[in-house]
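Visitor: need a structure here:
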Amino acid sequence: MDIAVNKFETEKARFTILDAPGHRDFIPNMIAGASQADFAVLVIDSSTGAFEAGFHLRGQTKEHTLLVRSMGVQRIIVAVNKLDSVEWSHERFEEIEQQMTQFLTQAGFASKNISFIPCSGLTGGNIVKKPKSGLIPWYSGPTLVEELEKTKPLTRAIEKPLRLTISDVFKGGIMNPVSISGRIEAGSLQVGDNIIAIPSGESGIIKAIEVDEEPTDWAVAGHNVVIHLSNIDMVHLREGDILCDPTNRVTPQSSFTIKILAFEGLTPMMVDVHRGRLHAPGKVVYLLSTLDKATGVVLKKKPRHITAGSLATVKVELMGNPIPLEAGYRVVLRSGGQTVAAGIVE
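Guide: Got it, this is the predicted structure:
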């Protein structure tokens, strides 16, 4: 199961929806989606018992929320869905809002970047249009779409060297035998540019660019693009690889130090390293320090164990080939089907 992609426009903005699967078996796909997102819409099932099931210790609501924050998402809109199943209960909405606000702020979201919208996907209530008069007498706020439109565009790293993480490699047709899709994380590109794929080190030329399924001569950081390439064989391109400017390339790493938030207790252990669609086997080899969450000051060096909820630095060694990583990249560590930590490469 992959990420579903769709687009829609309003009078004020154009949106690309990345709908990641919610089941725990597809968390790697969810990580790939979160790595491309500017902000998140967390859809909560408010029907009796459903919210509690997703919000308990091992529930998907908590894991998904921690993951999107760990991947750098700062704004979250909580769509409190299926309120029609509880007669648009104000008490139920407030109960969910109170519990989620506490959890979201503890997860690192600023209060100003959290919004709650009551709605019903089944009836369309408060999605696009205001509900009928009297249906939600206790609510006078925006619809879900109006809240989406309030989101301000992010500042992009346009002036930095090109970094594009590949999300898919495919044949774009007879005229375009080598094509890739992905998100430009930094820099810009245009038709005719030379690029280099890391870690293969093979170079190619940008033959054509598409943004929102429309041909264009250029694209910049923040764009999700399709790029048709020439002078490079498809065997040298994989999901998770990075396209760079040949004069300023990412260096593949066989080990790295990462500042993490521990989701579970952590010891030296085998882990799967995830960055977008890149997956690689590795091992946490050293627990370097635990840190104060507020100040980042070292609390303890060389701890024997890192408890869940702690901020820490660890060293990870990869078990296979080096992968393209550099300081500032966000990485998720998983083990035994569980997300155990996420953080930023130092």
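Visitor: can you count the residues close to the nearest residue in space to residue 123 that is not next to it in sequence?
Guide: In this structure, residue 123 finds its nearest non-sequential neighbour in residue 84, 5.5 Å apart by C-beta to C-beta, 6 or more residues apart in numbering. C-betas here are computed from N, CA, C, even on glycine. Close neighbours of residue 84, defined as other C-beta atoms under 10 Å, add up to 20.
Visitor: quick one, phi/psi of residue 84?
Guide: phi -60, psi -20 (degrees, to the nearest 10).
Visitor: Which pLDDT value goes with it?
Guide: Residue 84 carries a pLDDT score of 92 in this model.
Visitor: which ones are touching it?
Guide: 120, 122-123, 125 (C-beta atoms under 8 Å, 6 or more residues apart in numbering).
Visitor: change it to 10 Å
Guide: 46-47, 118-123, 125, 131, 135-136 (C-beta atoms under 10 Å, 6 or more residues apart in numbering).
Visitor: With residue 142 instead?
Guide: So residue 142 contacts 115, 117, 126, 130, 148-150 (C-beta under 10 Å, 6+ apart).
Visitor: picking that back up, now do the residue nearest to residue 123 against residue 239, distance only.
Guide: 40 Å (C-beta to C-beta, to the nearest Å).
Visitor: and if you look at residue 284?
Guide: Using C-beta to C-beta, residue 284 is found at 24 Å from residue 239.
Visitor: swap in residue 337?
Guide: Residue 337 is 21 Å from residue 239, by C-beta to C-beta.
Visitor: tell me the pLDDT at the residue nearest to residue 129 when sequence neighbours are not counted?
Guide: With sequence-adjacent residues excluded and distances taken as C-beta to C-beta, 6+ apart, residue 129 is closest to residue 143, at 6.6 Å. The per-residue pLDDT reported for residue 143 equals 95.
Visitor: Please list all residues in contact with residue 143.
Guide: Residues near residue 143 by C-beta under 10 Å, 6+ apart: 117-119, 124-131, 149.
Visitor: from these, which is closest to residue 305?
Guide: residue 117 (40.6 Å; C-beta to C-beta).
Visitor: so who does the closest one touch?
Guide: Contacts of residue 117 (C-beta under 10 Å, 6+ apart): 41, 77-81, 83, 93, 126-127, 139, 141-148.
Visitor: Neighbouring strands of the host helix or strand of it in the sheet, and parallel or not?
Guide: For residue 117, the host element (DSSP states H and E) is strand 114-118. In the sheet, strand 114-118 lines up against strand 76-81 (parallel) (DSSP bridges).
Visitor: Tell me how far whatever helix or strand comes next after the strand it pairs with lies from the chain's centre.
Guide: Following strand 76-81 in sequence order, the next helix or strand is helix 90-107 (DSSP H and E). A distance of 22 Å separates the centroid of the chain from that of helix 90-107, by C-alpha atoms, centre = their mean, to the nearest Å.
Visitor: Tell me the helices and strands packed up against helix 90-107.
Guide: strand 40-45, helix 50-55, helix 60-70, strand 76-81, strand 114-118 (3 or more C-beta pairs under 10 Å, 6 or more residues apart in numbering; DSSP states H and E).
Visitor: that older thread, now the contacts of residue 143 as a markdown table including distance to residue 109 and secondary structure?
Guide: Putting those into a markdown table (distance: C-beta to C-beta, whole Å; DSSP: H, G, I helix; E, B strand; the rest coil) gives the following:
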| residue | distance to residue 109 | secondary structure |
| --- | --- | --- |
| 117 | 16 | strand |
| 118 | 19 | strand |
| 119 | 20 | coil |
| 124 | 28 | coil |
| 125 | 26 | strand |
| 126 | 22 | coil |
| 127 | 23 | coil |
| 128 | 26 | coil |
| 129 | 28 | coil |
| 130 | 27 | coil |
| 131 | 27 | coil |
| 149 | 20 | helix |
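Visitor: Which among those count as buried?
Guide: 117-119, 125-127, 131 (16 or more other C-beta atoms under 10 Å).
Visitor: of these, closest to residue 310?
Guide: residue 117 (33.0 Å).
Visitor: Dig out what that closest one forms beta bridges with.
Guide: residue 79.
Visitor: and it, how far is that from residue 241?
Guide: Noted for residue 117: a distance of 38 Å to residue 241, by C-beta to C-beta.
Visitor: repeat for residue 70
Guide: The gap separating residue 70 from residue 241 is 22 Å, by C-beta to C-beta.
Visitor: do the same with residue 303
Guide: 35 Å.
Visitor: more neighbours, these two?
Guide: residue 241 (25 against 17).
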